[in-house]
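Peer 1: sequence below, structure please.
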Amino acid sequence: MPLENISRSFKDISLSFKVHPITYDILSLNNVSAINRSLRNLVLTLNGERPFNSLLGTSVNRSLFEILDIRITTDIENEIRNVINNFEPRVRLRTVNVTPDFNQNGYHVLIDYEVIGDSVPPQQINFILQTVR
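Peer 2: Numbering: from 1, shown residues only. Next comes the predicted model:
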């Protein structure tokens, strides 16, 4: 069994870059909010987009221009599962569910995970993948 990291607190900056009204520091995301943002960023990052780490990211954006079907849905689920397992050591992935939404021409993504080293209950993040055109 692999060794698991034990952490108690996670912190990240908010990508809105809003300033705290009292301290004038950039707002931060803490714990589960930081992990949720990280998971979503991993899924939405394109392969090769990050300098010096061409393996980080997915190609789900290319799949959004294909016809909605079960094969593409399975491919997207597998890519999301792989990128989270490989690049997010703070979580233990439970399930990834991707369902096509024919009305909005996209996919609903539901990621269910546990935070490693913290006693919070299992968490879920959901969002929709769709083309921006």
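Peer 1: can you show me the strands along the chain?
Peer 2: 11-13, 28-30, 91-101, 106-115, 123-130 (DSSP state E).
Peer 1: so where's the protein shaky on pLDDT?
Peer 2: 1-17, 27-30, 133 (pLDDT under 70).
Peer 1: now do the contacts for the residue nearest the centre of the chain.
Peer 2: The residue lying closest to the centre of the chain (CA atoms, centre = their mean) is L39, at 2.1 Å. Going by CB atoms under 8 Å, 6 or more residues apart in numbering, L39 touches I84, E88, V91, I111, Y113, I125. Any C-beta I mention is one placed from the backbone N, CA and C, and that applies to glycine too.
Peer 1: can you lay out the residues you listed as a markdown table showing distance to L56 and neighbour count?
Peer 2: Shown next, in a markdown table, are these (distance: CB to CB, whole Å; neighbours: other CB atoms under 10 Å):
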| residue | distance to L56 | neighbour count |
| --- | --- | --- |
| I84 | 11 | 21 |
| E88 | 10 | 17 |
| V91 | 16 | 18 |
| I111 | 17 | 25 |
| Y113 | 18 | 22 |
| I125 | 18 | 17 |
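Peer 1: what two of these are the furthest from one another?
Peer 2: By the measure CB to CB, E88 and I125 form the most distant pair in these, at 11.6 Å.
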